[in-house]
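1. compute the structure for the input listed below.
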Amino acid sequence: MAVETSAEFMQEAVTRMITLVQDAVSTGNWPFPSAIFLAPEELEGGFPIVPFPPNDGSEERQQFCAALGYAIASGELPEAPNPRAVFILSEVWYTEGEAEGSRPSESPNKKEALVIAGLASDGEQIVSFGTITRRTDASVESIEFDDSSMNATRMYTLEYFWEGYTQALLEKSGAKNKPQKLH
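-> A predicted model of the protein is given here:
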């Protein structure tokens, strides 16, 4: 299926990822690791998945994303397609009605969710949020995704991917300019 606009492409990619997640839950193949998904121009072949490093901090994840973007564009990873968009899939904690600035991980009222966040090469972004329900044995019973997307959320970590990607393309072309920082 040819998707014309970037927004349509991003929505179709998220829909496919939600299906992957739901299939993993229903077949007992959860937990799914935090990962970066590369979305090539044609979604029919699926998504190459790169496991995300443990959450050692945002700086380490940003460096990882920049290095991954650079490696793909420079040809160091020939098996990786040139992506139209990149996505992060990660479990998160959140709270509702807590004081601003409080850490959800420290709250007794924390809830668990799965976030799929994407950033296209043209700057189009999307975030989909799924609430995780666990059984008494702590296994995942279901993940219910909200139909609405939070498009206003900036995806700084994914911007680093595109900066690394652009840097490699500039170097390959012999350009002396550095890419403009997005954040």
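2. on the three-state scheme, Pro81 is what?
-> Applying DSSP: H, G, I helix; E, B strand; the rest coil to Pro81 yields a three-state assignment of coil.
3. and it, how many neighbours?
-> A total of 16 residues lie near Pro81 under the criterion other Cβ atoms under 10 Å. Placement of C-beta: from N, CA and C, glycine included.
4. quick one: low-confidence ranges for the chain?
-> Confidence mapping of the chain against pLDDT under 70 gives the ranges 1-3, 32, 54-57, 147-153, 175-183.
5. tell me which residue lies nearest the centroid of it.
-> Central residue of the chain (Cα atoms, centre = their mean): Ile88, 1.4 Å from the mean position.
6. name the element it belongs to?
-> Using DSSP states H and E, the secondary-structure element containing Ile88 is strand 83-94.
7. centre of the chain to the next helix or strand after that strand, how far?
-> Following strand 83-94 in sequence order, the next helix or strand is strand 111-120 (DSSP H and E). Shown here is strand 111-120, whose average C-alpha point lies 6 Å from the average C-alpha point of the whole chain (Cα atoms, centre = their mean, to the nearest Å).
8. state the next helix or strand along the chain beyond the helix of greatest length in the chain.
-> Secondary structure of the chain per DSSP state H: the longest helix is helix 6-26. Secondary structure here is assigned by DSSP H and E; on that basis, the next helix or strand after helix 6-26 toward the C-terminus is strand 35-40.
9. tell me the angle of the strand holding Ile88 relative to helix 6-26?
-> Compare the direction of strand 83-94 with that of helix 6-26 by axes from the mean of the first three to the mean of the last three Cα atoms, to 10 degrees and you get 50 degrees.
10. was I right about Thr133 contacting Ser139?
-> No. Taking contacts as Cβ atoms under 8 Å, Thr133 lies outside contact range of Ser139: 10.4 Å.
11. about what we covered before: and the longest helix of the chain, what does it pack onto?
-> Here helix 6-26 touches strand 35-40, strand 83-94, strand 111-120, strand 125-134, strand 140-145, going by 3 or more Cβ pairs under 8 Å, 6 or more residues apart in numbering; DSSP states H and E.
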